[in-house]
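[1] Sharing a model prediction with you, sequence too.
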Amino acid sequence: MSIPQLLLCLSLSMVCISSKPTEKKERVHHEAQLSDKVHDDAQSFDYDHDAFLGADEAKTFDQLTPEESKERLGKIVSKIDEDNDGFVTVDELKAWIKFAQKRWIFEDVERQWKGHDLNEDGLISWEEYKNATYGYVL
């Protein structure tokens with residue numbers, strides 16, 4: 001290898017080494033937090049209420065007296081306790097969480113469907129989808 005070629009290789013190597021790294025792209029999709037509130041059980045249960053009940057339902061509970069709140073939570077626990085033994089097992093809690101997630105998904109699908117079925121015929125055509133989704137752009 002000649003000296004000019006060696007110098008060229010060396011200078012290219014230095015450029016590569018000293019160049020600014022490209023922006024790192026995040027490859028992981030982070031799930032939304034269960035609550036925007038701080039999780040500190042010693043101070044309050046706001047985070048737990050949001051995570052367990054959902055933010056909207058937790059707001060309702062915030063308006064209740066402690067007695068009303070206990071009564072409503074007791075009813076929810078009774079629904080979770082499938083074998084009615086007075087205790088909530090891990091499996092019962094998992095089943096409840098899956099039920100609550102499915103309920104939210106079905107409600108969201110219904111809301112989305114109504115928003116896209118512009119002529120309310122029970123079907124969503126490509127034209128309706130485009131207009132509902134991109135109509136403000138077109």
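    The structure has been received and is ready for your questions. Numbers count the residues shown, from 1 in each chain.
[2] any idea how far Leu123 is from Asp50?
    37 Å (Cβ to Cβ, to the nearest Å). Using the backbone N, CA and C atoms, a C-beta is placed for each residue, glycine as well.
[3] Please give the number of neighbouring residues around Trp57.
    Heads up, residue 57 is Glu, not Trp. By other Cβ atoms under 10 Å, the residues close to Glu57 number 15.
[4] Contact partners for Phe61?
    His49, Leu53, Ser69, Arg72, Leu73 (Cβ atoms under 8 Å, 6 or more residues apart in numbering).
[5] What subset of these is buried?
    The neighbour-count criterion (16 or more other Cβ atoms under 10 Å) marks His49, Leu53 among the contacts of Phe61 as buried.
[6] which SS state does Phe99 fall under?
    helix (DSSP: H, G, I helix; E, B strand; the rest coil).
[7] so where is this protein shaky, pLDDT-wise?
    1, 6, 9-10, 14-37, 43, 136-138 (pLDDT under 70).
[8] As a check, name the ranges of all helices in it.
    3-18, 46-53, 55-62, 66-80, 90-116, 126-134 (DSSP state H).
[9] can those helices go into CSV with extra columns for distance to His39?
    CSV is the format used below for the helices of the chain (distance: least, Cβ to Cβ, whole Å):
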stretch, distance to His39
helix 3-18, 44
helix 46-53, 4
helix 55-62, 14
helix 66-80, 19
helix 90-116, 18
helix 126-134, 36
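[10] Go through those helices and pick out the most buried.
    helix 46-53 (a mean of 18; mean count of other Cβ atoms under 10 Å).
[11] what angle separates that one from helix 90-116?
    Counting by axes from the mean of the first three to the mean of the last three Cα atoms, to 10 degrees, helix 46-53 points 80 degrees away from the direction of helix 90-116.
[12] helices or strands up against helix 46-53?
    When contacts are defined as 3 or more Cβ pairs under 8 Å, 6 or more residues apart in numbering; DSSP states H and E, helix 46-53 sits against helix 55-62.
[13] Restricting to C-alpha, output the helix it packs on in CSV.
    C-alpha atoms of helix 55-62 as CSV (Å, rounded to 0.1, in the frame of the first residue of the first chain):
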residue,chain,number,x,y,z
ALA,A,55,-59.1,7.1,35.6
ASP,A,56,-62.8,7.9,34.9
GLU,A,57,-64.2,5.5,37.5
ALA,A,58,-61.6,6.7,40.0
LYS,A,59,-62.8,10.3,39.6
THR,A,60,-66.3,9.0,40.5
PHE,A,61,-64.9,7.4,43.6
ASP,A,62,-63.1,10.6,44.5
